Every structure is written in C-alpha cells, then in structure tokens.
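# All I have is the shape, not the residue letters:
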C-alpha cells in the first residue's frame, strides 16, 4: 500500500465504537477469569476466623498470616505427593515427547515405508480412544502394572491430537533441507535430531506445555491404578482434602475453629498445587502462539 493510500485510510466512527466496546468486553472478561485465582490467593493468606465472617468481595488478605500454609505442611503426605507429581511430570513428558516426535516425523516423511498405514491407524486410534483406555484396565492387571507409575505413564504416552499438530509443523519445513542432508549421507535419525528438531523449537515448547499441564492436573488415572498412598500424586491428595474435608490432622483444633481453619488450608493447598505449573508457563509463553499457528496451518 502506498503512502497516499495510507493517508486516506481513516478510522470510521463505527470502528472506534466497536474498538471501545471490544476493549471493555476483554477487560471485563479478564477480570472475571482472574478474580477467582486472586480470591484463592488472598483467602490462603487470611486469618481463618476473620475470613469466615467475611461475606463480601475479597480484594486483599484479611489479617495477613501464613498459618494455613504451616498447617498444610503438617499433612504427612503433602511433600511426598509433591515430589511424586514432579517425578511423574518429568518422566511422562519425556516419554510422551519421545513417542510424539518419532511418530510425527515418520508421518511427515513422504518416502517412509508404511506411511499410509500409520495414517489409517491414527484415525482408528482417535475413534476408539475410549475403548483403548477401557482395554488397558485389563492389560494393566495382566502385565502387573497396577500400583506402579508405568500405569500412569504408558496409557498417556502419545496424544494423537498433539502428534498431528507436530506432524503438520514438520511438514512445513522445506523438504530441500532434508534432501540435501540425505545426499550428504545423513540418516533419518540425523535429519530428525540435527535438522528438524532445531527448526521446531516453538512447536516442541507447545507440546511440552500441553503434556505438562495434562500430567500435572491428572488425578483420575492415579485413583484407579494406585493403591499405595505413598505413591499418590499431589492432585489426588488435593482432591482428598477438598472433597473429604480431610484437614483434621493438619489443623490440630476442633469445632468451629476446625471448620474455619480447614477452609484456609484448602485455599493454601490449591495455591501450592497451582504455582509449579504457573512457573513453567512464562518460560514457554513466547513460543506458544507461534508454535500453535505453525502446527495448525501447513506451511
């Protein structure tokens, strides 16, 4: 567009009105989404008895203290479950990224044997995914994987949705680069690790975030496969605290005080379980938008 044309492009009154209401709507939507998190944080640092009396909007902690957090750490399994979740997070993401990367690379190559067969298997897997999970309940018992972390890692080792996104991203890399490497004698493994992956940092970061959030928030599989409480992840302990009101051993008081302190302990546990994944996101956020767009639209 020329300079003269740019000068003639003026924002109309209707566009300004639309922008104004659009901005107001987005601000209100942000407040609605952010306030529940802020309320939980403020409540976790508030005095239990004063918080119980409060019925209005909570903007700041009431009589700031950390009693809820000190009581939370009295739970005999809170720190054990925290490290269990970290172990599951690291191991599950590593296994999932390995499987997803290899499958996505194979399906993105036009000259790889059984390429069409794997595409058919993708459709089959997506259609029968629920059935595969149900079948795994029997397989886990046959393979004696119950009450082991492998029962949590293997069923979710590969997300077909994530693999399709990564495959689309790999297909967007110019084929001439790979062909030049093949001419120089490079193998498929060398092309994958030395060419494709270094050029796909954005989509890799997105996949890590997707898998990490899924693993960190998961509790249902652990409730099915794990029977030893010492192996429970943090989310399962959090569910136990929130639903079962299992706060007596942490608060150490009774009656109305127990109920009031129990509420602040619940808020503190939620914050404690949410902070780790929030700390990961800022490091991957700059890759997020770019990675999703690259994986969603074939280049």
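Structure's in. What do you need? Everything numeric here is computed off the predicted structure, so don't read it as measured data. Numbers count the residues shown, from 1 in each chain.

# for the stretch 151-299 of the chain, which spans come out with low pLDDT?
The stretch 151-299 of the chain contains residues with pLDDT under 70 at 244-261, 283-299.

# mind listing what the closest residue to residue 89 other than its chain neighbours touches?
Counting by CB to CB, 6 or more residues apart in numbering, the nearest residue to residue 89 once its immediate chain neighbours are dropped is residue 215, at 5.1 Å. C-betas here are computed from N, CA, C, even on glycine. Counting by CB atoms under 8 Å, 6 or more residues apart in numbering, residue 215 touches 88-89, 92-93, 156.

# On the three-state scheme, residue 65 is what?
Secondary structure state of residue 65, per DSSP: H, G, I helix; E, B strand; the rest coil, is coil.

# Now, the contacts of residue 215 that are in helices?
Here DSSP state H is the test, and these give 88-89, 92-93 as lying in helices.

# Quick check: the farthest pair among those?
For the ones in helices among the contacts of residue 215, the farthest-apart pair by CB to CB is 88 and 93; their separation is 9.1 Å.

# follow-up on the earlier one: give me the buried positions along the helix or strand hosting the residue nearest to residue 89.
Taking DSSP states H and E as the criterion, residue 215 maps to helix 201-217. Of the residues in helix 201-217, 202-212, 214-216 count as buried by neighbour count, 16 or more other CB atoms under 10 Å.

# Now tabulate the residues you listed in CSV and tack on distance to residue 82.
Formatted as CSV, the buried residues of helix 201-217 follow (distance: CB to CB, whole Å):
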residue, distance to residue 82
202, 30
203, 30
204, 26
205, 24
206, 26
207, 24
208, 20
209, 20
210, 22
211, 19
212, 15
214, 18
215, 14
216, 11
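
# mind putting the contacts of residue 215 in TSV, distance to residue 226 and neighbour count included?
Shown next, in TSV, are those (distance: CB to CB, whole Å; neighbours: other CB atoms under 10 Å):
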residue	distance to residue 226	neighbour count
88	10	22
89	16	22
92	14	22
93	19	20
156	14	16
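
# which of those lies closest to residue 227?
Of these, the one sitting nearest to residue 227 (CB to CB) turns out to be residue 88, at 16.1 Å.

# that older thread, which single one of the buried residues of helix 201-217 is nearest to residue 39?
Nearest to residue 39 among the buried residues of helix 201-217 is residue 216, at 21.5 Å by CB to CB.
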